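Novice: give me the fold of what follows.
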Amino acid sequence: MTTLAEPVVLARARFLTRPYVRAVAAYLAVRAFGVLVLALFADTTEHSLLDRLTAWDGQWYLAIADDGYGGITKGLVDAEGKLAPHTPLAFFPLYPLLLRVVAALTGTSTVFAGLLVSVLAGVAAACALFRLGRMAGGNPRVGLLLVVLWAGAPMAITLSMVYTEALFTAFAAWALVGVVERRWLLAALCCIGAGLTRPSAAVLIGVVALAAVVVFLRSQDKWQPLACAVVCPSGLLGYWAWVADRTGDIRGWFNLEWDGWRTKFDAGAESAEFIWDKLVTGASVMETLTVFILLLAAVSAALLPFVLRSRPGRWPLALFGIGMVILVAGTAGLPFAKTRFLLPGFVLLLPLAIGLANRRPATAIAGAAAFVLVGSWFSAYSLTGWHYAI
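Specialist: Take a look at the predicted model:
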């Protein structure tokens, strides 16, 4: 005899076994563990957990959300210890705008809104990562492992902070889904969003535009990829143009980055000096691990074309990973933030995800768990034991 509760139980079981539900659950579980580790470290070092989740750049985004670009009075300064009238313009507008809107809609503070936006963006990113991993590896296990590795990577704590990493990765991942699946409107809209979120959108836009041009030249349906190639840079270029107008200088945003944070593209000269110096005379585990993470990212980028060679049409994923490494390693300034800058380059984790997926389940779980443990420690230490900006 069937009870009324049985259909409900069966429906719940089917829901919980759906691939995307499992991916989201795995993401949230790993991120909850990462925040728990940070909470333990914060308590030991007499820090407030909320203070750590809103530290560094988070204070800038909160100030812009609360007071706008022209009304910041919270005593914030750039890396040079200054606050010029245009200094806040170095930070892109979409994330603080979302904070302001969500805070108004929910009747809460921008702090709560920032944490909520990061959680929701991380969930959206996890779904796209699962989709891309499954397509790239030909196996749902690859997608699930990619989500877990990204959620537990070094500096993945920023995915739970008032930072833009989760939002930017969500845009980047879904833009690449759009490219691989030839959904050009999705790719274009996500590129616009990414361009209003972080300057590293330049890599994503270049990859998407190139892929669109290739399809335009080869396919019968030409107008959609062509429109995507034309429209996708508009968010990034539009914001740079707006800053140029506000500052009266066509290089306005780039000058702000150099004057405030000594950041510019130098083709890797400073990174090479940093790597050599820290390998020879590095005085801390943070410095040494940052160097090794950069080197491992470069190795992974080199492996991507070979890992994806059996998957036609997946070359944009490899190009995005290579481009992210070139941008991060080739940009001078804030060397200890480079691990965080690499985090949106989630495709760099594909070789490891595919490798683990081809092992026995116990081996894959143990490998992923070890990776998450190390990444969670690195993230917590960088916010409590380390005293420089991340």
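Novice: please make it C-alpha for all contacts and neighbour counts, starting now.
Specialist: Fine.
Novice: do you know the pLDDT at residue 75?
Specialist: At residue 75, the model reports a pLDDT of 76.
Novice: so residue 312, which of the three states?
Specialist: coil (DSSP: H, G, I helix; E, B strand; the rest coil).
Novice: any idea how far it is from residue 138?
Specialist: Separation of residue 312 from residue 138 (CA to CA, to the nearest Å) stands at 12 Å.
Novice: those two: which has the busier surroundings?
Specialist: Taking neighbours as other CA atoms under 10 Å, residue 312 and residue 138 compare with residue 138 leading, 13 against 9.
Novice: residue ranges for the helices of the stretch 151-300 of the chain, please.
Specialist: 165-180, 184-195, 201-218, 223-231, 234-247, 252-261, 269-281, 285-307 (DSSP state H, counting those that start in this stretch).
Novice: could you dump the ones you listed to TSV with mean pLDDT?
Specialist: As requested, the helices of the stretch 151-300 of the chain are exported to TSV (pLDDT from 0 to 100):
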stretch	mean pLDDT
helix 165-180	98
helix 184-195	98
helix 201-218	95
helix 223-231	94
helix 234-247	97
helix 252-261	92
helix 269-281	88
helix 285-307	93
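Novice: now those as CSV including distance to residue 52 and mean neighbour count?
Specialist: Shown next, in CSV, are the helices of the stretch 151-300 of the chain (distance: least, CA to CA, whole Å; neighbours: other CA atoms under 10 Å):
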stretch, distance to residue 52, mean neighbour count
helix 165-180, 16, 26
helix 184-195, 25, 26
helix 201-218, 26, 21
helix 223-231, 38, 19
helix 234-247, 29, 18
helix 252-261, 21, 19
helix 269-281, 26, 15
helix 285-307, 18, 18
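Novice: make a markdown table out of these and add distance to residue 124.
Specialist: Shown next, in a markdown table, are the helices of the stretch 151-300 of the chain (distance: least, CA to CA, whole Å):
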| stretch | distance to residue 124 |
| --- | --- |
| helix 165-180 | 6 |
| helix 184-195 | 12 |
| helix 201-218 | 17 |
| helix 223-231 | 22 |
| helix 234-247 | 20 |
| helix 252-261 | 29 |
| helix 269-281 | 32 |
| helix 285-307 | 24 |
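Novice: what segments of the stretch 1-150 of the chain are strands?
Specialist: Read by DSSP state E, counting those that start in this stretch, the stretch 1-150 of the chain holds no strands at all.
Novice: low-confidence stretches in it?
Specialist: 1-17, 74 (pLDDT under 70).
Novice: how about 90 then?
Specialist: 1-19, 45-47, 70-85, 137-139 (pLDDT under 90).
Novice: let's check: the centremost residue of this protein is which one?
Specialist: residue 344 (2.9 Å; CA atoms, centre = their mean).
Novice: ok, now which ones touch the residue nearest to that one when sequence neighbours are not counted?
Specialist: Leaving out its chain neighbours, the residue that sits closest to residue 344 by CA to CA, 6 or more residues apart in numbering is residue 169, at 5.0 Å. Neighbour list for residue 169: 122, 125, 344, 345, 346 [criterion: CA atoms under 8 Å, 6 or more residues apart in numbering].
Novice: could you report the pLDDT at the last one?
Specialist: In the prediction, the pLDDT value recorded for residue 346 is 97.
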